[in-house]
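**Q** Got a predicted structure plus its sequence, pasted below:
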Amino acid sequence: MIPAALAILILAAAPPLGTAPTWEKNEVKSLFLRAEAAGNAPDMNAELARVIGAAYRLQAIQNESPDAFARRLTKRREPGHPDVKQGSWVTAATRQFYRDLAARADTLARVEIDRNDRMFFEMKSSQAKAAVEELGKILLTKVEGAKGFMSPLPIGTGQDGNKFGCEAIVRNDKIEVNNLERVTFIDNAPKLDAARTGSGSLKELAASMKEWNLRADMMGQIDPLMKKGSHLLRIFAPAAAPAIYLNELLRAAKETSMKKVFVMVTDKADGKLKEIVLVTEAPVVKVKLKKPEIFVDVRCKDGEPIQICVDRMVELNTQGSLVFKVD
């Protein structure tokens, strides 16, 4: 028999496609407690799917597996969510659920008068954000333009993706360049004995980018597509990965004279692949222009998640073109 409280949740109207419910104070408390209990249940995936379904006002279809139900939940909340590895949809739905819970708890904490409730929402929001980050590390999604599965890209506002250039992918603790593993990190840092160039770049990354530019310049004389990709770098890096991966790639890009670097993101509006455009150096303009292009410096701390860095890029990009600086 379905408990009365749960029945009310299920019978309530589902939120519009692509939006989160505006859960009330007591429901948010209940959802946090039920999600924690589900995490300790014998059939954790099935119980988590039930809790999330109640939260988003959707019921499982008869004989529908937890993974299939979680996929339906995820796609309703975020229609453009990339496909994930089979058996990982409950993880995707849980990550999405905690992201919405954290946002709602933040809102409630700002207006809460009762001190104990305010502290509860602040604490639970922090825990939910940490859970989102950890789930992002283990969730593997299919990303347009990248071979195989990888952790979710950062969410941001960008322009339509450029399809040409040297391609770098951060997958787990490795950096692949043009489909070859080049560098392995240990505890989110390059190995202590990793070879570096005189300018401080990881030698393997710089060498692979130089190789690309030489090949693109040479083949570009007969292949227009190769010419379009000359001295361009596309970076696919997970939102939850630390920004040290970006810093190492941009350090090598600067040394190898990459004209532009594209950080690939998932558009927050439609879930499609987009890019944020960076340059490694602001160009020197010798002729005085009536409307000179404005360049804004952007930096990322090694230990901060790439998502935080992307959020900063999106904000600064409203002020001008971005010049990535590596300390």
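**A** Yes, it's here. Numbers count the residues shown, from 1 in each chain.

**Q** For the rest of this, base every contact and every neighbour count on C-alpha atoms.
**A** Noted.

**Q** residue boundaries of the strands in the stretch 201-327 of the chain?
**A** Taking DSSP state E, counting those that start in this stretch as the criterion, the stretch 201-327 of the chain carries its strands at 232-236, 260-267, 273-279, 295-298, 321-324.

**Q** Which of the ones you listed sits closest to Ser199?
**A** Ser199 lies closest to strand 321-324 among the strands of the stretch 201-327 of the chain, at 16.4 Å (Cα to Cα).

**Q** before we move on, back to that, the strands of the stretch 201-327 of the chain: which one's closest to Leu205?
**A** strand 232-236 (11.6 Å).

**Q** what does the closest one rub up against?
**A** Strand 232-236 is contacted from outside by 146, 153, 164-170, 253, 258-265, using Cα atoms under 8 Å, 6 or more residues apart in numbering.

**Q** Among those, name the buried ones.
**A** Buried members of those, counted by 16 or more other Cα atoms under 10 Å: 153, 164-170, 253, 258-265.

**Q** For the stretch 151-300 of the chain, just list every one of the helices.
**A** 203-219, 224-228, 244-255 (DSSP state H, counting those that start in this stretch).

**Q** and the second one, average pLDDT?
**A** The reference is to helix 224-228. Computed over helix 224-228, the mean pLDDT rounds to 75.

**Q** Tell me which other helices or strands that helix touches.
**A** Taking 3 or more Cα pairs under 8 Å, 6 or more residues apart in numbering; DSSP states H and E as contact, the helices and strands that helix 224-228 lies on are helix 203-219.

**Q** Geometric centre of this structure: which residue is closest?
**A** In the chain, the C-alpha nearest the mean C-alpha coordinate belongs to Pro154, at 2.1 Å (Cα atoms, centre = their mean).

**Q** Make sure Glu134 is indeed in a helix.
**A** Yes. Counting by DSSP: H, G, I helix; E, B strand; the rest coil, Glu134 is part of a helix.

**Q** What residues does it make contact with?
**A** Glu134 makes contacts with Ala240, as judged by Cα under 8 Å, 6+ apart.

**Q** returning to that earlier point: nearest residue to the residue nearest to the centre of the chain in space, please, no chain neighbours.
**A** Ala239 (4.0 Å; Cα to Cα, 6 or more residues apart in numbering).

**Q** do the same with Val296
**A** With sequence-adjacent residues excluded and distances taken as Cα to Cα, 6+ apart, Val296 is closest to Leu322, at 5.1 Å.

**Q** For that neighbour, grab the count of nearby residues.
**A** 24 (other Cα atoms under 10 Å).

**Q** my guess is it contacts Asp297, does it?
**A** Yes. At 5.9 Å, Leu322 and Asp297 qualify as touching, with contact defined as Cα atoms under 8 Å.

**Q** Ile235 bridge partners, please.
**A** When bridges are called by DSSP bridges, Ile235 pairs up with Ala168, Val263.

**Q** highest average neighbour count across the helices of the stretch 151-300 of the chain?
**A** Stretch with highest mean neighbour count among these: helix 244-255 (a mean of 22; mean count of other Cα atoms under 10 Å).
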